[in-house]
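Give me a model of this one.
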Amino acid sequence: MRYRMFFLSLLSVATSGVAFAQPAPASGQADPTTQTLLQRIQQLEKRVNELEERDRQRTPAQTSTPQAPAEHEPAAQAAGQPAGEHHVPATIAQEAERHYPSLQIRGFGDVDFSATDQKGSNSGFNLGQFDLHLASALSEKVSYFGEVTFTARPAGYDLQVERTIIRYDYNDYFKISFGKYHTPIGYWNAAFHHGAWLQTTISRPEMVQIGGSFIPVHFVGLLAEGNVPSGGLGLGYSVGLGNGRSSVFSRAGDSSDANNNRAWVATVFSRPARFYGFQFGGSIYRDKLTPLPGQNFSEAIESAHLVWTKEHPEVLSEFFNVHHHDLQTSRTFNSQAFYVQLGYRLRFQGKKWKPYYRFEYIHRPANEPVWDFTGVPVVSDLVGSTLGLRYDITNYAALKGEYRNDRVGTDEPRINGVFLQTAFTF
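Presented below is the predicted three-dimensional model:
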């Protein structure tokens with residue numbers, strides 16, 4: 001309306017000036033000045049109509065609550081502005097809002113109770129590992145991951161750096177990282193880490209036990225990994241080079257290797273797209289061991305795994321062969337181990353209940369010198385069964401109960417035990 005009042009005032013002034021300044025035209029003749037003025041009046045009226053229409057459209061948009069633009073829609077277009085006029089796509093705006101480094105911390109913990117009929121053992125409660133996962137994006141393709149644990153000991157708490165990894169993601173087919181890993185050999189050691197909540201059971205199989213010696217649980221060096229273009233077969237790989245075991249077999253060479261020979265590991269696996277949660281594959285590990293000065297053994301570990309983690313049912317199985325070759329005497333020794341774990345998440349009561357069973361087996365030659373270099377066996381024969389039940393209180397906490405029956409050694413009596421655990425993540 002303000003545009004029309006301004007236009008009428010301007011029109012009255014203009015027409016009055018023309019009327020007084022110009023004589024009346026002769027009959028049948030068109031006054032050029034009048035024609036020009038009429039044309040300008042029509043243009044001004046058209047412009048006034050356009051301005052008023054735009055003003056009517058803009059007023060409701062200003063009084064209403066602005067809505068966020070749709071995903072991948074330019075913010076300016078969503079606000080009614082034409083494309084190309086000072087707008088920034090939403091994807092670019094999101095990139096601009098990212099901050100590096102971006103640290104995220106995830107924690108795990110558990111409280112346990114155990115009671116066995118083993119001679120000399122005491123029943124009671126104990127605190128499990130307090131575990132922290134630290135992840136930080138350093139750029140779009142560079143990230144860091146770390147894992148530290150606090151383990152209760154009689155004299156206090158033992159702090160350990162379990163993993164520290166910096167990774168460069170070139171693409172899905174090639175990613176390279178440097179640091180300390182859980183050795184990517186087999187399945188369990190690379191899939192389940194120190195947070196007990198992550199795994200179905202209370203304990204790990206003895207062959208991949210944290211602090212065990214049957215396989216090198218940790219590995220320090222570099223690792224290349226990625227997918228292999230294979231369609232529905234879903235092939236993947238990992239190849240690592242670094243320090244193997246230290247002179248203490250249960251520990252990795254964090255500060256340096258025990259000798260001038262590097263360890264290497266290679267894994268190939270398949271995750272067929274047709275069978276969700278199904279994976280099978282194999283690994284090879286090579287290293288040189290120096291348990292004591294002047295003693296040298298070559299170590300070769302072959303493994304195979306087949307798992308199905310769909311939980312209806314859950315099937316986990318692995319096999320390891322550890323081959324040691326004495327470089328002084330040329331004698332060879334082979335130790336084997338395997339486990340099979342079956343579980344099934346029941347479909348009633350919100351799928352909170354999950355019974356499971358695991359059988360595990362370890363065999364070592366009686367004259368195997370590597371496992372006894374300290375005078376105390378670090379690996380013994382084992383035949384064991386575990387029967388358990390897991391109840392998920394929430395998505396972040398679970399109760400577990402297990403009965404175990406194990407025979408450690410060839411001539412030792414069987415050990416029966418009851419174990420309880422509450423495990424959680426935060």
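
give me the element Lys46 is part of.
helix 32-63 (DSSP states H and E).

same deal with Ala190?
Assigned by DSSP H and E, Ala190 belongs to helix 188-191.

Now do that helix: everything it contacts.
Here helix 188-191 makes contact (C-beta atoms under 8 Å, 6 or more residues apart in numbering) with 182-184, 204-205, 208, 215, 217, 267, 316, 318. Using the backbone N, CA and C atoms, a C-beta is placed for each residue, glycine as well.

would you list those in TSV and tack on secondary structure, pLDDT and neighbour count?
What follows is these, written out as TSV (DSSP: H, G, I helix; E, B strand; the rest coil; pLDDT from 0 to 100; neighbours: other C-beta atoms under 10 Å):
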residue	secondary structure	pLDDT	neighbour count
His182	strand	95	22
Thr183	coil	95	26
Pro184	coil	94	22
Arg204	coil	95	19
Pro205	coil	96	27
Val208	helix	95	24
Ile215	coil	94	24
Val217	coil	93	23
Thr267	strand	98	24
Leu316	strand	98	24
Glu318	strand	98	24
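
quick one: which of those residues is nearest to Gly240?
For the contacts of helix 188-191, the minimum distance to Gly240 (C-beta to C-beta) is 6.5 Å, reached by Pro184.

Tell me if I'm right that the closest one and Phe269 touch.
No. Counting by C-beta atoms under 8 Å, Pro184 does not reach Phe269; the two are 9.8 Å apart.

which parts of the helix or strand harbouring Ser283 are buried?
With secondary structure defined by DSSP H and E, Ser283 is part of strand 278-289. Under the neighbour-count criterion of 16 or more other C-beta atoms under 10 Å, strand 278-289 has 278-281, 283, 285-289 buried.

for the protein, what are the low-confidence residue spans?
Along the chain, segments meeting pLDDT under 70 span 1-45, 48, 51-97, 374-376.

try 80 this time
For the chain, applying pLDDT under 80 flags the ranges 1-98, 247-248, 373-377.

Pop the domain breakdown of it in here.
Domain ranges of the chain: 1-22+31-61, 104-425, per automatic domain parsing.

Select, out of the ones you listed, the one closest to Arg98.
Minimum separation from Arg98 across the domains of the chain (C-beta to C-beta) falls at domain 104-425, 7.9 Å.

Can you show me the helices along the stretch 51-200 of the chain?
Secondary structure of the stretch 51-200 of the chain (DSSP state H, counting those that start in this stretch): helices at 75-78, 90-97, 188-191.

follow-up on the earlier one: mind putting the buried residues of strand 278-289 into TSV with distance to Phe426?
Converted to TSV, these look like this (distance: C-beta to C-beta, whole Å):
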residue	distance to Phe426
Phe278	31
Gln279	29
Phe280	34
Gly281	32
Ser283	33
Tyr285	34
Arg286	40
Asp287	37
Lys288	42
Leu289	40
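
can you count the residues close to Arg414?
14 (other C-beta atoms under 10 Å).

how about the nearest residue to it, chain neighbours excluded?
In this structure, Arg414 finds its nearest non-sequential neighbour in Arg407, 4.7 Å apart by C-beta to C-beta, 6 or more residues apart in numbering.

Check which residues of the helix or strand where the one you found lies are buried.
Assigned by DSSP H and E, Arg407 belongs to strand 397-408. For strand 397-408, a neighbour-count test (16+ other C-beta under 10 Å) marks 397-398, 400, 402, 404, 406-408 as buried.

And it, what does it pack against?
Applying 3 or more C-beta pairs under 8 Å, 6 or more residues apart in numbering; DSSP states H and E, one finds that strand 397-408 makes contact with strand 382-394, strand 415-425.

what is the orientation angle of that strand with strand 415-425?
Between strand 397-408 and strand 415-425, the angle formed by their directions is 150 degrees, by axes from the mean of the first three to the mean of the last three C-alpha atoms, to 10 degrees.

Give the pairing partners of strand 397-408; include direction for each.
In its sheet, strand 397-408 lies beside strand 382-394 (antiparallel), strand 415-425 (antiparallel), with partners assigned from DSSP bridges.

Same list (those strands) but as CSV, adding distance to Gly232 and mean neighbour count.
Below are the strands paired with strand 397-408 laid out as CSV (distance: least, C-beta to C-beta, whole Å; neighbours: other C-beta atoms under 10 Å):
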stretch, distance to Gly232, mean neighbour count
strand 382-394, 32, 16
strand 415-425, 33, 17
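
out of the ones you listed, nearest to Gly124?
Nearest to Gly124, of all the strands paired with strand 397-408, is strand 415-425, at 11.3 Å by C-beta to C-beta.

which residues are in contact with that closest one?
The contact list for strand 415-425 (C-beta under 8 Å, 6+ apart) reads 106-118, 128, 195-198, 202-203, 396-408.

returning to what we had before: just the CA coordinates of the strand holding Ser283, formatted as PDB?
Taking Å, rounded to 0.1, in the frame of the first residue of the first chain, the C-alpha atoms of strand 278-289 are listed here in PDB:
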ATOM      1  CA  PHE A 278      29.200 -65.100   8.700                       C
ATOM      2  CA  GLN A 279      33.000 -65.000   8.300                       C
ATOM      3  CA  PHE A 280      35.800 -67.500   7.600                       C
ATOM      4  CA  GLY A 281      39.500 -67.000   7.000                       C
ATOM      5  CA  GLY A 282      43.000 -67.900   7.800                       C
ATOM      6  CA  SER A 283      46.200 -66.300   9.200                       C
ATOM      7  CA  ILE A 284      49.900 -66.900   9.100                       C
ATOM      8  CA  TYR A 285      52.500 -65.600  11.600                       C
ATOM      9  CA  ARG A 286      56.300 -65.800  11.400                       C
ATOM     10  CA  ASP A 287      58.900 -64.700  14.000                       C
ATOM     11  CA  LYS A 288      62.200 -65.600  15.600                       C
ATOM     12  CA  LEU A 289      62.300 -66.300  19.300                       C
END
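
Compute the first-to-last residue distance for stretch 301-319.
10 Å (C-alpha to C-alpha, to the nearest Å).

Show me what it is in contact with.
Outside stretch 301-319, the residues that touch it by C-beta under 8 Å, 6+ apart are 185-188, 200, 205, 207-208, 215, 269, 275-286, 320-323, 336-345, 347, 354, 356.

tell me which element the nearest residue to Asn367 once chain neighbours are set aside falls in.
Leaving aside its sequence neighbours, Asn367 sits nearest to Phe333 (C-beta to C-beta, 6+ apart; 7.4 Å). Assigned by DSSP H and E, Phe333 belongs to strand 332-343.
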